[in-house]
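**Student:** coordinates for the following, if possible.
(chains A and B)
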Amino acid sequence: MSGWEVALQLELRGITKRFGSLVANDGIDLTVESGEIHALLGENGAGKSTLMNVLYGLLQPDQGQILLDGEPVEFHNPREALAAGIGMVHQHFMLVPVFTVAENVMLGVERTSVLGLLNRRRARQDVLELSSKYGLAIDPDVLVENLPVGIQQRVEIVKALHREASIVILDEPTAVLTPGETNELFRIMRELQASGKSIIFISHKLKEVQEIADRITVIRRGKVVGAPPPTATDEELASLMVGRAVELTVHKEPAHPREVTLEVEDLRVESAGGRAVVDGISLEVRSGEIVGIAGVQGNGQTELCEAIMGLLPVKSGSIIVAGQDLTGARTRVVLESGVSYIPEDRQEDGIVESFSLADNLVLDVYNRAPFASGLALHIDTIRESAAKHMDEYDIRATSIDMTVGTLSGGNQQKVIVARELGREVRLLVANQPTRGLDVGSIEFVHSRLVAARDQGTAVLICSTELDEIFALADRIIVMYEGRIAGIRPPTVSIEEIGLLMAGAGSDDSVPEAQPA
Amino acid sequence: MSENLTGPGGNGPEHKAGPVEGPPGAEGSPGDTGPDAATAAQANVATSLLNAVLEGNSAVVTFLAIVTAIIIGGLLIAFSSPTVLHAWSHLFSAPGAAFSTAWAVAASAFSAMLEGAIFNPHTISAAFHGGSIAAIFNPLSETAVNATPLILSGLAVALAFRAGLFNIGATGQFIGGAMIAGWIGFAVHMPMILHVVVAVIGGFIGGSITGGFVGFMKARTGAHEVIVTIMLNYVMEFLILFLLGLAVFRAPGLPNPVSPPVDNNAMLPHLAGATLRINAGFLVALAAALAVGWLLNRTTVGFELRTVGANPNAARAAGMSPERTWITVMLICGGLAGLAGASVILGTDFALTPQIYGTYGIDAITVALLGRAKPGGVVLAALLYGSLNAGGVTMQAQTQIPVDITTVIQALIVLFVAAPPLVREIYHLRGRRNREGGQLLAKGWSS
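**Tutor:** Below is the predicted model:
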């Protein structure tokens, strides 16, 4: 473990990686000095992850070189990259939930005693040592499944450190964290930096990059397009990322809420195991307003949305849409009463990847006029409407017969938005409507949601991105452990919402703030 | 192929009642698993396997798979023949003879097969010398007759595939259809045309009940359709044996468990004279293929069915009910397999026997895979299999090469169709390896 403090300088020279005709990385040069936090900024699909997979030995470059301290190296697999001191924390953790922290850390590099038994004590010690050295505060004996996401991420970092990584790659590490946890992560990153480690921080969030990075490299369409200083403004960074000027704030007029469209009263939903995941939620959404539900992932937002849509059984309470009692109604009835739904998991619930664009655009209205009468589908009407939507919602595809699975995430989401907003909508339930989208697509989706609001739709949005909540919501509801932790106007400070999200503020909800 | 499926009872009358009581326990057990998670996982397994077969196989690969299977079949024919083996034992003294004998044996086998399945030149010269003109078309008629139940049962499997279900139960549904169609055929007496129409509809309903039960079990209890269909196959195989022991089904005065023959009015009419076996069942099969194509691509039911098959979660979110779709699909699929049963009992066999189901239900799976679960593909695949079956009989008669070789060829075709990378490797075609690349990226630390 003596090699830890050795300063390593990493240089990527002219890295090119092709997938068929697609050039994912096109002659990328990148230098990471020892002991710096280097942010890699780019939209989804810009080639950040490909580049890091090349560096980590998961992919072999078609051209170009990797140099460590000026010495050319080649990594054929992650093992070789790790041996050379490069560690990676993936966006999706690679932990065994039923193992303890120490067991997870020693996984793959198990030390054994003479008899071939696992040396658990040694692993515990290593974890404790690393934990105190970098201020990680991790208990080695807890089962990983009992840890919150933020701590699981630290376990991943410990894993990398335990394998003596001196360059740590963090792939979109803040995507799963609360604001508080993000601050905590940044503190840890600075600790690591102070002890001489280099960090490559991958992100598409401008504010975080500005806050933490020493240097920034922006990648667009597989090429390095700039290395702005961390002092660059949001607008400068965003236009570099997207390649054009971008509206970062949604332009919206003050809301003019009218009659109550959605009324949820003391709603309870139980998980398969009988745990109350939605625990007595009451809320209302008026026509012409956007209500944003903030909260860390897994606090009942998804279950709330699915219960409204009739996808989960309601234990007790009621759901009323425009005067019609839809408690426990079938999803089809809910949809037909004028509710639209943008599900959280686009590929799992929102589209059928093997279907054409045209089929996906009628996925939940295929049985209604004018797309069908009786048994018969009206293919021509479906195709005409698809062509119109493709145009109107700027879906980038070569034709309406293209398989949706081949489109980018942003375009897939546009398909869903086009389908859900392209008809008369009383209530829109949108769960994480911009998750995983790039800046350009987020801008588009946001403007459509606001436009729907202005046409008199009641909009309920769940999002774990506070920026999104603040950009869109006319009222903010914070959910914590299945309950409403507070209802606030959008003028509230981000810190206060952050506290509510972490469960710090008990239910001290001010009388429901009625917007003017 | 299906001897193993007839179970321990064989034809012995003392086993008739026993097995009928057996299977319920086996059916009940899968119901314990939670329906939601289990069914989603099953659908994923089914669709991913189907996708592997469908996406991996271009028309070229399918064609090459057939060619490869026939070549290997030829080698098998040659080297299982005693004359060829004898010639090869003198390889060094007479190398020419070794190769020419092998070639001659394989060639004679395949030409016999062609004569049995498509066209026999001898029949033309015979026709000029007072023979029958119909005989010229006999091979084609035989191919169509063999293909008819395969088209129908193949559709039963293919349609279920598209809804994400593995219908292994075409055998049971075939029996259900054959039983009802047969019973209407011999026990009820009706005027011409009406009788055969009612009997055919009865066949559809018989299969439909059998298939619908499977859909109901899956929708209500989450029981895996593969297990239920396989178990139901046994139930139906023994049920027909049991019924043939009862007075209502058994032909009086015969020592064997055989039903009385169906009325003439209930027989599917011949299409080309009494000497050729081709009958209206073939038209029913083609019409069914058209109907299935229409259902899949032009109706709301088909849209639901394809959505549920491709992504049950998205289907649910779009307001569809996968459970209801499963029941509907299995009712239709069962009906199609039931029609296959009706086409056999009313078109060629005319009486129920304990072995009426043959291997149609099992061959249906391979036909559906080879036909890439599309109605048109199923028709073509069934015609290929039908021609192999028809040709195999002639081959055995003419060359004494066992008819089982056609089964081997059919199995080889499926083997190659199920392993597209193998075919591509053999013919050095460009592979589609993107998928593997994608999976590699998902790997993490512990590699």
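
**Student:** what about residue 372, how many neighbours?
**Tutor:** Unless you meant another one, I'm taking chain A. 21 (other Cβ atoms under 10 Å in any protein chain shown). Placement of C-beta: from N, CA and C, glycine included.

**Student:** oops, I was thinking of chain B
**Tutor:** Neighbours around B:Arg372, by other Cβ under 10 Å: 22.

**Student:** how far away is it from chain A?
**Tutor:** 13 Å (Cβ to the nearest Cβ, to the nearest Å).

**Student:** my guess is that residue meets B:Thr62, correct?
**Tutor:** Yes - shown here, B:Arg372 and B:Thr62 form a contact pair, counting by Cβ atoms under 8 Å, at 7.4 Å.

**Student:** could you find the closest non-adjacent residue to the residue of the stretch 101-250 of chain B at minimum distance from chain A?
**Tutor:** Closest contact between the stretch 101-250 of chain B and chain A, by Cβ to the nearest Cβ, is at B:Arg162 (11.0 Å). Leaving out its chain neighbours, the residue that sits closest to B:Arg162 by Cβ to Cβ, 6 or more residues apart in numbering or on different chains is B:Gly309, at 5.0 Å.

**Student:** how about the helices in the stretch 301-450 of chain A?
**Tutor:** All helices of the stretch 301-450 of chain A, identified by DSSP state H, counting those that start in this stretch, fall at A:301-308, A:331-336, A:357-360, A:379-392, A:409-421, A:439-454.

**Student:** run through the strands of the stretch 251-400 of chain A in chain order.
**Tutor:** In chain order, the stretch 251-400 of chain A shows strands spanning A:260-270, A:276-286, A:290-294, A:316-321, A:324-325, A:339-342, A:372-373, A:376-377, with DSSP state E, counting those that start in this stretch as the criterion.

**Student:** buried sites along the first one?
**Tutor:** Within strand A:260-270, the residues that qualify as buried are A:Thr261, A:Leu262, A:Glu263, A:Val264, A:Leu267, A:Arg268, A:Val269, A:Glu270, counting by 16 or more other Cβ atoms under 10 Å in any protein chain shown.

**Student:** now it: average pLDDT?
**Tutor:** For strand A:260-270, the mean per-residue pLDDT is 94.

**Student:** using CSV, write out every CA atom in that strand.
**Tutor:** Presented in CSV, the C-alpha positions along strand A:260-270 are these (Å, rounded to 0.1, in the frame of the first residue of the first chain):
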residue,chain,number,x,y,z
VAL,A,260,-59.4,21.4,-8.9
THR,A,261,-58.7,18.6,-11.4
LEU,A,262,-56.9,16.0,-9.3
GLU,A,263,-58.0,15.4,-5.7
VAL,A,264,-56.1,12.7,-3.7
GLU,A,265,-57.5,12.1,-0.3
ASP,A,266,-55.6,10.2,2.4
LEU,A,267,-54.2,7.7,-0.1
ARG,A,268,-52.5,4.6,1.1
VAL,A,269,-50.6,2.1,-1.0
GLU,A,270,-48.8,-0.9,0.2
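
**Student:** ok now it, how far from the chain's centre?
**Tutor:** Put simply, strand A:260-270 sits 26 Å off its chain's centre (Cα atoms, centre = their mean, to the nearest Å).

**Student:** hmm, who's touching it?
**Tutor:** With Cβ atoms under 8 Å, 6 or more residues apart in numbering or on different chains as the contact definition, strand A:260-270 has outside contacts at A:276-287, A:300, A:303-304, A:306-308, A:312-322, A:426-427, A:458, A:460.

**Student:** surely B:Ala78 and B:Val105 touch.
**Tutor:** Yes - using Cβ under 8 Å, B:Ala78 is in contact with B:Val105, at 5.1 Å.

**Student:** with that, I have no additional questions.
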